[in-house]
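Undergrad: how would this look folded up:
(chains A, B, C and D)
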Number of protein chains: 4
Amino acid sequence: MSGNSFGTLFKITTWGESHGPATGVVIDGCPAGLKIHEKDIQKELDRRKPGQSQSTTARKEADKIEILSGIFENKATGTPISLIIRNTDTRSKDYEKLKNLYRPSHADFTYDEKYGFRDHRGGGRASARETTARVAAGAIAKKIIPFITFKTTLISPDFKTIEAARKEGDSIGGLIECVIQNIPAGLGSPVFEKLDARLAQAMLSIPGTKGFEIGSGFKGAEMKGSEHNDEILTKKGKVMTKTNHAGGVVGGISNGMDIIFRVAFKPTASIAKKQQTIDQKGSKKTIEIEGRHDPCIALRALPIVESMAALVLADEYLIQKTVK
Amino acid sequence: MSGNSFGTLFKITTWGESHGPATGVVIDGCPAGLKIHEKDIQKELDRRKPGQSQSTTARKEADKIEILSGIFENKATGTPISLIIRNTDTRSKDYEKLKNLYRPSHADFTYDEKYGFRDHRGGGRASARETTARVAAGAIAKKIIPFITFKTTLISPDFKTIEAARKEGDSIGGLIECVIQNIPAGLGSPVFEKLDARLAQAMLSIPGTKGFEIGSGFKGAEMKGSEHNDEILTKKGKVMTKTNHAGGVVGGISNGMDIIFRVAFKPTASIAKKQQTIDQKGSKKTIEIEGRHDPCIALRALPIVESMAALVLADEYLIQKTVK
Amino acid sequence: MSGNSFGTLFKITTWGESHGPATGVVIDGCPAGLKIHEKDIQKELDRRKPGQSQSTTARKEADKIEILSGIFENKATGTPISLIIRNTDTRSKDYEKLKNLYRPSHADFTYDEKYGFRDHRGGGRASARETTARVAAGAIAKKIIPFITFKTTLISPDFKTIEAARKEGDSIGGLIECVIQNIPAGLGSPVFEKLDARLAQAMLSIPGTKGFEIGSGFKGAEMKGSEHNDEILTKKGKVMTKTNHAGGVVGGISNGMDIIFRVAFKPTASIAKKQQTIDQKGSKKTIEIEGRHDPCIALRALPIVESMAALVLADEYLIQKTVK
Amino acid sequence: MSGNSFGTLFKITTWGESHGPATGVVIDGCPAGLKIHEKDIQKELDRRKPGQSQSTTARKEADKIEILSGIFENKATGTPISLIIRNTDTRSKDYEKLKNLYRPSHADFTYDEKYGFRDHRGGGRASARETTARVAAGAIAKKIIPFITFKTTLISPDFKTIEAARKEGDSIGGLIECVIQNIPAGLGSPVFEKLDARLAQAMLSIPGTKGFEIGSGFKGAEMKGSEHNDEILTKKGKVMTKTNHAGGVVGGISNGMDIIFRVAFKPTASIAKKQQTIDQKGSKKTIEIEGRHDPCIALRALPIVESMAALVLADEYLIQKTVK
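TA: Here you go, the predicted structure:
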């Protein structure tokens, strides 16, 4: 109810704050017998790890996965898989002077309003640290649907542009495209759990996202039906469409074509430049955020986007087994 | 699990096919004592009713609401509210000749793949008839949060453009903007049930939608942090932001500013023009869809967008009562 | 959240009050293609129908099932099945004089406390009318698991005893035993959704129940391990146990032996004899309940017990498809 | 879906096997600001700890609680609380020779049937180790409802009897009674989530339970309505009943009287005496279980019964805030 779980049959619950001892995830509903090696999970975690290039945050985290339950002799037992990732490089003192300030475009004020107080060390649950747990779970989700492939790319900005923002003590937004291939037709549900609706929720749940579109997306809003409709045909016995304005989902259900969607990320809220804001009492303050931050969050979000898509698809793949 | 329910504390389950005897909704979790008059629901249903202008489908439906349970002497009893809307103008024969054909950009093929067969009379659950139940439920959701106001407008296309499409036997997409005012700060949750993530799911669950963006949206992907960050200030004792690139939601939680989002609708899939497709056996066919269809589904989607937003907000409003 | 839904993959939501226009159920998750005839449902409803013998309530209800969605040409479409049963013989005036009184051992007082007011005509949701919807849903659940058989019997009291209670204007409790045969091993889950835990919830959710026991039950609390342990053996290649103190469930999971459980029902709360109570203001009152009531609710509960068991088993049967 | 979660608003998900590195629980929905000290949780864990008397298992576990998230400066932040308890005294070798054998009345066979294989070291999720997580969560649940008191007692057997069983290498069942006082009227829901139905599920989810009864329980099945009905009266302005055959719950909702229920526990399945069984291939085997086991599981189950009851009541207490 508090929004820390995702999925129905393949269900994950994440926990952990930016500056607490660890983050983690409990996965309930992983099919028994699925082969899972620690290194499969570690590999995905390494993809999102900070400190890989100049353009990412300087926070150094080992992001070492520990498996605490649910896997025996490298096979899922069918019982909950508990995964944990220790926080090792938490510099909580960096945040001490921000304690009573509301950082612009951060969740400080909204958390205070919602909960009455907050853990002021880093972003708490709003921190990108929380996404480690998603990526770990996504690594397992991918193993349920090994025949499906993901191509996730940063459409914009280019690295030069990112570097320019970094040097200015500024940040920049980004656009990610995800192409998912070899999807069986029939995944997803009508009405509220449409496959595209679930992907939209999944993507907008990633910190810093502002938009989601599938197939023709916002351009589709300007098209005519005679242009937009995807002619249906068969090719080598497989039902396909000539164009793919649908983006692989019709009526909320996959049609076997590539699923293509794009996600808009806003620029990182933490910038080195001075900003105007208020403190908890409402007094005007000037704020200067030091810490260590990514100039472009989209750059590190690629494996997160992919993990969330994998979580949705693995779940729908299991659901489909019960439908007919 | 099959995707026909929405919400957690204010939970709705919809049912009904385009050409069945009725559509309906069961609402579980409506607070006891809430005053509900049949006419409050009827008024919202009348807003989405077809046949109000030349630019909407010619199907004539009374869309008369019947209350079967959960309301006694115009007050919610706290038990499930069952609402039903009879289908009266179903011309199933129009669909007889389409029985074995896959209409382009319709869910005929995907339903067959998912379920092994389908009710071929109209769109079944994929039909816009299903949204009557959402609007009826949305009318009740609004009464839980009467202080919140919704301004939902069709940004594009304009009526001339729609009429031009209709005359050509074609259809056209559309863009809707929804501005929600007087929202208390603190609604929504971190992580998977972020307020914007729930709105994204809600909007993408509406038939014909291809994209969702909040605040700066896709433009935010090109902005710098120093432009995009919303300076926090107080005005008459209320915490506000100077700009509203966030669109009223920060870290998944409302900040008290207007919530502003946009939804992209594709053009109506049913067009009078001849189209190429295949039948269930995979043979090439030419299809000509007669029936009665809206040239621009976005035009009639305004109350549906608003209802879905109201469902999310009423639910979060009840959830917030348990948080601190 | 408000307790009107049951099940996970085969999920039902019931609605309707004793003296409203109808009761009904929405079933979400019925596998597509399942053959369902109206008469299959009607047959089960007829089993619970009142007025079949002197020993049941005199209320005359046709209990005619109407299918409003989800079934096309006698096959489940995979979309929600909406079933409705009209109330035809509601004599609300019988209840007018009880309006402000709290009937002993009825839910009048507790509903007032929970909801702040109540529909005083009959028992509202607490009425046995609500169970029509369960039986209708149970009829469909049974078709998912046609190989499983149910033997449900009234262990006590005997008919003479019931008749004696009726003649005295009194009522009597009852004990039901349910034996379920041909269950595949492997249904149910560890921990909170143990098969026996779900059956316990299912049974205690039936109006008037006070206890549940499985296998050795309360006698098992006095036994020694050496007596109680069920020796495991094979018979014609099938793993079985010599005794069945487990009652067919070990560690929350079916072991393939018969599931045997018993449910205790209290005597009907509505009796003709004069009783002491209070009114809504707290003043002492003498109450004399007229109306039409069963002297032994257990007598009519047989198909309800069976339906609830079928709902649990059909759900677990679908869940098991996703486990390994 | 896999049955490792319990609760709706105060929701727990437990994980961990008997012989894995740890057990744990994630609690989602704990109200923000609730004061929680580590020692409050530790105190409850110490109550269920083995090795406190001769009559409990010789396994020595520190059962030291670690808080990994969701609590900051001894206050719940409103985000998930992750608790972990390390397994320190796992003697997996004890189980090596039982690897291919099905222990009578243990879940070895049923887990194999459900999952296709199992972690053979100890009982996995079926082990009583899993209940550490419930007790830890229960400690927090109790703090949400500090005004409610629990009196949980072992009705039978007495200690002599237990000792006698132990000396014989045998075990014995037990009966627990729980009396819950100072409950506000109005907790619980009609229909499927009746308070007594939830308690029944909660109790039958505890390893080794065979029955549940509330108030008059199975005796109520033999009573007449005129004896069983609880006369309603007021005492010092409070609505009460003269008798309490209901056991504090009417129509699924608390009436403010004491909640009284009893739970039957079977004898411990692990006994030192030789037993007949089969191995995984179906061959007859004689089994002798060494290990370290409680002669009477009911003896250590007192805090578990209480924790499960607290989990149900804390959840219903939060739910009630949203009802009227």
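Undergrad: Tell me if I'm right that A:A76 and A:G29 touch.
TA: No: in this structure, A:A76 is not within contact of A:G29 by CB atoms under 8 Å, at 9.9 Å. In this view, the C-beta of every residue, glycine as well, is placed from N, C-alpha and C.
Undergrad: and the single longest helix found in chain A, how far from the chain's centre?
TA: Counting residues, the longest helix in chain A under DSSP state H turns out to be helix A:297-320. With CA atoms, centre = their mean, to the nearest Å as the basis, helix A:297-320 stands 7 Å off its chain's centre.
Undergrad: could you check whether that helix is close to chain C?
TA: Yes: Helix A:297-320 lies within reach of chain C by CB under 8 Å from any CB of the partner chain, at A:318-319.
Undergrad: Compute the mean per-residue pLDDT across that helix, please.
TA: For helix A:297-320, the mean per-residue pLDDT is 97.
Undergrad: Also stretch A:286-294?
TA: For stretch A:286-294, the mean pLDDT works out to 83.
Undergrad: Could you do stretch A:165-172 as well?
TA: Stretch A:165-172 comes out at a mean pLDDT of 95.
Undergrad: Next, the distance between the ends of it.
TA: 6 Å (CA to CA, to the nearest Å).
Undergrad: swap in stretch A:165-173?
TA: For stretch A:165-173, the end-to-end distance is 10 Å (CA to CA).
Undergrad: buried stuff in it?
TA: When burial is assessed from 16 or more other CB atoms under 10 Å in any protein chain shown, stretch A:165-173 yields the following buried residues: A:165-166, A:168, A:170-173.
Undergrad: Ok, stretch A:238-255 next?
TA: In stretch A:238-255, counting by 16+ other CB under 10 Å, buried: A:239-241, A:244-255.
Undergrad: any idea which of those is closest to B:D158?
TA: A:H245 (22.8 Å; CB to CB).
Undergrad: dump the residue contacts of the closest one.
TA: Applying CB atoms under 8 Å, 6 or more residues apart in numbering or on different chains, one finds that A:H245 lies in contact with A:215-216, A:220, A:223, A:228-230, B:105, B:266.
Undergrad: how about 6 Å then?
TA: A:215-216, A:228, A:230 (CB atoms under 6 Å, 6 or more residues apart in numbering or on different chains).
Undergrad: so which residue of the stretch 51-200 of chain A comes closest to chain C?
TA: Using CB to the nearest CB, the closest approach of the stretch 51-200 of chain A to chain C is made by A:G78 at 5.9 Å.
Undergrad: Just the closest residue of the stretch 201-324 of chain A to chain D, please.
TA: In the stretch 201-324 of chain A, the residue that lies nearest chain D is A:L318 (8.9 Å; CB to the nearest CB).
Undergrad: Now do A:I232: how many residues are near it, please.
TA: A:I232 has 28 neighbouring residues, counting by other CB atoms under 10 Å in any protein chain shown.
Undergrad: and if you look at the one 3 residues further on?
TA: With neighbours defined by other CB under 10 Å, the count for A:K235 comes to 9.
Undergrad: Closest one to C:S205 out of the buried residues of stretch A:238-255, please.
TA: A:G252 (32.6 Å).
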